[in-house]
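Prediction below, plus the sequence it came from.
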Amino acid sequence: MNDTSGAPLAIDSDLYPALIQCFFIIGVGYVAGQLNLLTNTHSTGLSRYISNFALPAVVFKNLVDVQFERVSWEFIASVFIAKAFVFVLTAILSGIGERPINFASMGLYAIMASQSNDFALMLPIIDAVYKQSHPDYGRYIYLIAPISLVILNPIALLLIEIQKRLDDQKKHSKISLWHRCQLIRKVFNNISRNPIVICTLLGVIFNRIFHQHLPNILEHILTPIAQSFSSTALFYLGLTMAGKLRRLHTRLVITVFIISMIKLIMFPLVLREAIFLLVKPTNGTLNNTIDYSNFGFLYGTAPTAPSVIFYVPESNAALRAIASTGLIISTLLAGPIMVVSAKMINLRTLDIKLKQSYESTLVKTSYDVSIISLLCTIIVLIGFCLRRHLLKTSPIHKYTFIFAGLQMIHAIWTISYKTQIKYIMCNVLFISGSVLTALTTRSWAASISIALMISICYSHERARKYFWLYHLFGWLAPMFTTLVIYLQSKVDRSKGEPTLDTEKFGTIQIIASICLLASCIILTSTNLLRIARRTYRLKQNARENRSASFTTNEFQPLINDSNEYDQSQITIQSVSIDKIPLEVHSQLLRHAVLVGFLNINAFVCISVLSWSVLTKNRDGVYYELQFLDTVLLHGQGIITFLVFSLDADVLLPISRKF
């Protein structure tokens, strides 16, 4: 490990192919689902093969070969504590937020926040990152997985069954003691009959019988079945993602988004702290603890497991929609987070301490992400231009078109700065332009949230009247902030230019950016809350309307949020909402989702900037957040592309044109 010059390329050569392989297979499954190449029967058969044959074979085969005397049980205990903490916290928050209390929601949300996609997605990435430094880390996945499967998930299943009994109690007025005993028996039966639980116990038992080595006959039988798991599970994950975004509403998306943030951001941080508390230093150094904490943080960034769908009763359409949507959002968010985490572990593993090396890696990452973002924004802009009727009908689409153009300019500016940095004479002015484009994208996201709130809570006509407000905040606020930063930096130029990118203009840039970002976060969060409350109120009125005229609406689809929204607009007479095409209504949700993603982006940025002001002690978590902020800032175009193209809203008109 002394020669580190070629090691980054070696790790990247394993990491990037593993990531591309995983997400490519997911994409193939998604396309197959979108094109209806597989029926529901095929999908059910595939899921049963994965859960009853492939995954149990993987678990059994690897547990038999595990050398338990070399396992760090402190690390396993840390994972258990972190998972249990997040599980209980999510259940409590769900109970507080849901009125009336819904035990099924508490159980499902707790599973979504604590159970990771361990085997199909995380295992190949861990093997790629740690194949050279810690090849034994991959085996921990087989010991971690039973924590959720055997201990936590049964508790959630019990909560789901309790809610079913409570619903039955409303119909039958009373539930006997016998039914309560049947409930407990059913939960234990489900646990004891679970193939994964059975193979976990058998793997531990036969580990002793076979002396930690699987016989050749069994190995030849189980190996092909185990090898089929990864590709089929990833394909099935993509298959379950197909077509789900057409049936979303704001409240559902916000719920899933909060759960995903708990899973992908809060859980890794909690797990890292638990590891530092329990895993003791060896030989008087913290190297072992730091390695385990990095491994735990990377593991914590894994998205929600696809098996969460199997815990939801088929009769509960609302919870099934939340579970399937959670898989989509969690998987999409986990992609860049896992890339960033793996890159930072790469730096830690190589022991790169020079700030110049770190900054060059940061600049290269921003350059690579900006190229992808530029291509994505071009596709989005072409799609918007080919659908001019949306730009004329809805003011929101016009402002999003401007926002996508700003993202394209920011990507071009970043690429130009990287390629022309040696030939730029006015470097300070060029950096000022980079700061201006970055802040303008933040402020315009807040402007879109204002326009979206006025459109949904009042009317599109009123949203058009306040066009000056969106432009005033979207353009003037970042220009004024950048001007203050530039003028103050000229005064402080004699102090020298700091090394890190977040401090090119010194403390004044950080403070001014924090003020603008805080304003954007407050505005956007307030507007999203108003949108969620308004949408929920409209849906409640729509349900009351349907119950009053059941015979008229009995042939309507079970879940059709667009129609619910239209009906609720007609029933509420106190608010005048102008009639616009159904396509525009279905698109409004995408703008809310986009604004929500960008709000998280701003929150990560303000966390990094605040850390820079408050303390000079910067550990791996700080660099992780800074790297994540860089990817999210320069990858805004990728987020916009994903939001507006997952259901072919952008790609379809382009394909028809050409």
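Looks like it arrived, so ask away. Computed from a predicted model, the values in this text were never measured in an experiment. Numbers count the residues shown, from 1 in each chain.

So which residues of the stretch 451-600 of the chain form strands?
Using DSSP state E, counting those that start in this stretch, no strands are assigned anywhere in the stretch 451-600 of the chain.

Walking through it, point out its helices one by one.
For the stretch 451-600 of the chain, helices defined by DSSP state H, counting those that start in this stretch occupy the ranges 460-465, 467-471, 477-491, 507-548, 550-553, 561-571, 582-614.

just flag whichever of these has the lowest average confidence.
Among these, helix 561-571 carries the lowest mean pLDDT, at a mean of 41.

confidence score at Ser230?
80.

go on, Gly27?
pLDDT at Gly27 comes out at 84.

any idea how far Ala302 lies from Pro395?
40 Å (CB to CB, to the nearest Å). From N, CA and C alone the C-beta is placed, and that goes for glycine too.

ditto for Ser43
Counting by CB to CB - Ser43 and Pro395 are separated by 40 Å.

what about those two, which has more around it?
Using other CB atoms under 10 Å, the more surrounded residue of Ser43 and Pro395 is Pro395, with 21 against 17.

pretty sure that one contacts Ser459?
No: Pro395 is beyond contact range of Ser459, at 10.8 Å (criterion: CB atoms under 8 Å).

can you pull out the helices in the stretch 251-400 of the chain?
Using DSSP H, counting those that start in this stretch, helices in the stretch 251-400 of the chain cover 267-278, 287-300, 317-350, 355-386, 388-393, 395-420.

check which helix or strand covers Gln212.
For Gln212, there is no enclosing helix or strand under DSSP states H and E.

residues contacting it?
Val64, Asp65, Val66, Gln67 (CB atoms under 8 Å, 6 or more residues apart in numbering).

Name the member of those residues with the most neighbours.
That'd be Val64 among these, by other CB under 10 Å, with 26 neighbours.

tally of neighbours for the residue lying closest to Ser116 once chain neighbours are set aside?
Nearest-residue entry for Ser116: Ala302, 3.8 Å, with adjacent residues in sequence omitted and distances by CB to CB, 6 or more residues apart in numbering. Other residues within reach of Ala302 by the criterion other CB under 10 Å amount to 28.

pretty sure Ala302 is in contact with Met338, am I right?
Yes: here Ala302 reaches Met338: they are 7.4 Å apart, a contact under CB under 8 Å.

Pull out the buried residues from the host helix or strand of Phe87.
Using DSSP H and E, the element containing Phe87 is helix 73-97. Judged by neighbour count (16 or more other CB atoms under 10 Å), helix 73-97 contains these buried residues: 75-87, 89-91, 93-95.

same thing with stretch 213-222?
Applying 16+ other CB under 10 Å to stretch 213-222 flags Leu214, Leu222 as buried.

looking only at pLDDT, what's the mean for it?
The model assigns stretch 213-222 a mean pLDDT of 87.

what residues does that stretch touch?
In contact with stretch 213-222 (CB under 8 Å, 6+ apart) are residues Ala57, Phe60, Lys61, Val64, Asp65.

Taking the residues you listed, tell me the two that lie furthest apart.
Distance extremes for the contacts of stretch 213-222: the farthest pair is Ala57 and Asp65 at 13.1 Å, using CB to CB.

Now for Ser51: which residues touch it?
Pro195, Ile196, Ser307, Phe310.

before we move on, the earlier item: least reliable of the helices of the stretch 251-400 of the chain going by mean pLDDT?
Minimum mean pLDDT among these: helix 388-393, a mean of 67.
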